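Trainee: mind folding the following:
(chains A, B, C and D)
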Number of protein chains: 2
Amino acid sequence: MMNAVNSFAPTEQRLAVTCRRHPAFPREPAVLVRLVKHLYKRLHDDANTLLKPWGINHPEYNLLMMLYGTEGYTLSPSQLAAAAGEKSANITRLTDELCDKGLIERTASDEDRRKIALTLTKAGVVVIKGFLPDVCALLERQTAGLQPREAAQLEKLLKKFLDHLEQA
Amino acid sequence: MMNAVNSFAPTEQRLAVTCRRHPAFPREPAVLVRLVKHLYKRLHDDANTLLKPWGINHPEYNLLMMLYGTEGYTLSPSQLAAAAGEKSANITRLTDELCDKGLIERTASDEDRRKIALTLTKAGVVVIKGFLPDVCALLERQTAGLQPREAAQLEKLLKKFLDHLEQA
DNA sequence: TGCATATTATACATAAATGTACTATATGTT
DNA sequence: AACATATAGTACATTTATGTATAATATGCA
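Mentor: Below is the predicted model of the structure:
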């Protein structure tokens, strides 16, 4: 008799029953999908908790960091959407909020007047530099259970998984 | 010069710039977290698209499958929340909808009157058996890029990641 | 040039997820 | 029994995310 030492055990247990009831049900793929979901939710929650005192949430953080990781601190809305993994409809709302907070600003492009440039403000950079130490510590803590070799292996497998998913 | 063959390339590129700007920024953990996010969104979208013709969405599917994977097709709301990885406030709304659709039903528990039993109806089982072939095919397709050995390795690493995350 | 088509961004309506506070019941203690 | 505390579930308000339609501009081509 096993003990549920982690939050995933009940899920896995039920997938096993499903396999018994419906033999065609592919256990391994189902487990992988659920694991990704559980992980995502947990990571998302952790990040939100950490960022709350800074007045931003996880998606906003992602946008800020994508701009911070770009030469000139500037991207178009669609580039930002791609980099942050958000849908374009979301970008409008999120960047509105970040504009209101004074962390980014919009400017129209001269070359192509359909385009808009989203740029990190000085205040935005200051805020990023403020929370970055905390974020770094969180990231280290979250992955502390994995050896460097394991982390590298995991990165490789996740990329392979994602790559295949996208061309399918 | 590398070409962006996948959706993750722009994200990774920007994380690299961030590491240059802020040397303490831990690349590997950040990449893993972003990969999980990208994967989750993609898997979530794929599932929603597939399930739409059946009149349910991904979270509802998860609830149904957790009940299907339980002896007696019955769980309490909190058990269901744990198994499906949803917050309890969400369970109320989702199970309301599933009740309205006639796929599950609520009954009060006799032993502990705080408790409610959520049970799959016959109609619920029928619907599950209806979409299950499609779901199985999707799951197979999504993980077709991974060799069995790689999938097993990925499962192991994701579990280790999640386990550590939860005790931290 | 003029027209068809594509691209970029956004508004708006809707759906999904979360936080908070509350009710009802159960459990443990004195 | 009486009370304090814990637990299960949900209602409600709010926030977050998505889908769809639209406006504006650009591009390709007859």
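Trainee: who's in contact with A:Gly145?
Mentor: Residues near A:Gly145 by Cβ atoms under 8 Å, 6 or more residues apart in numbering or on different chains: B:160-161, B:163-165, B:168. To be clear about C-beta, it is placed using only N, CA and C from the backbone, and glycine gets the same treatment.
Trainee: buried ones among those?
Mentor: B:161, B:164-165 (16 or more other Cβ atoms under 10 Å in any protein chain shown).
Trainee: how about the residues of chain A near DNA strand C?
Mentor: Applying Cβ under 7 Å from any atom of the strand, one finds that chain A approaches DNA strand C through A:41, A:44-45, A:48, A:76-78, A:88-89, A:91-93, A:95-96, A:106, A:112, A:114-116.
Trainee: which SS class is A:Val127?
Mentor: What DSSP: H, G, I helix; E, B strand; the rest coil gives for A:Val127 is helix.
Trainee: distance to chain A and secondary structure added to the buried ones among the contacts of A:Gly145, as TSV?
Mentor: Supplementary listing: those in TSV, determined by distance: Cβ to the nearest Cβ, whole Å; DSSP: H, G, I helix; E, B strand; the rest coil:
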residue	distance to chain A	secondary structure
B:Phe161	6	helix
B:His164	2	helix
B:Leu165	5	helix
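Trainee: just curious, which of the residues you listed is nearest to A:Pro133?
Mentor: In terms of Cβ to Cβ, no member of these lies closer to A:Pro133 than B:Leu165, at 20.4 Å.
Trainee: hang on, the earlier thing: restricted to buried residues, select the residues of chain A next to DNA strand C in ChimeraX.
Mentor: Buried residues within these, by 16+ other Cβ under 10 Å, are selected in ChimeraX with:
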select /A:41,44,76,77,91,95
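Trainee: out of the residues of chain A next to DNA strand C, which touch chain B?
Mentor: Contacts with chain B within the residues of chain A next to DNA strand C, as defined by Cβ under 8 Å from any Cβ of the partner chain: A:41, A:44.
Trainee: among the residues of chain A next to DNA strand C, which are within reach of DNA strand D?
Mentor: Answer for the residues of chain A next to DNA strand C near DNA strand D (Cβ under 7 Å from any atom of the strand): A:89, A:93, A:112, A:114.
Trainee: farthest-separated two in those residues?
Mentor: Farthest pair in those, by Cβ to Cβ: A:Arg93 and A:Asp112, 23.2 Å.
Trainee: show me which of the contacts of A:Gly145 is closest to A:Glu140.
Mentor: Among the contacts of A:Gly145, and counting by Cβ to Cβ, the member closest to A:Glu140 is B:Ala168, at 10.6 Å.
Trainee: so how far is A:Leu43 from the closest residue to that closest one other than its chain neighbours?
Mentor: Excluding its sequence neighbours, the residue lying closest to B:Ala168 (Cβ to Cβ, 6 or more residues apart in numbering or on different chains) is A:Arg141, at 5.7 Å. Shown here: A:Arg141 relative to A:Leu43, a distance of 12 Å by Cβ to Cβ, to the nearest Å.
Trainee: more neighbours: which of those two?
Mentor: A:Leu43 (23 against 14; other Cβ atoms under 10 Å in any protein chain shown).
Trainee: please report the distance of the more buried one from B:Gln147.
Mentor: 26 Å.
Trainee: returning to what we had before: can you tell me the SS state at the residue nearest to B:Ala168?
Mentor: Following three-state DSSP, A:Arg141 is assigned to helix.
Trainee: perfect, that will be all.
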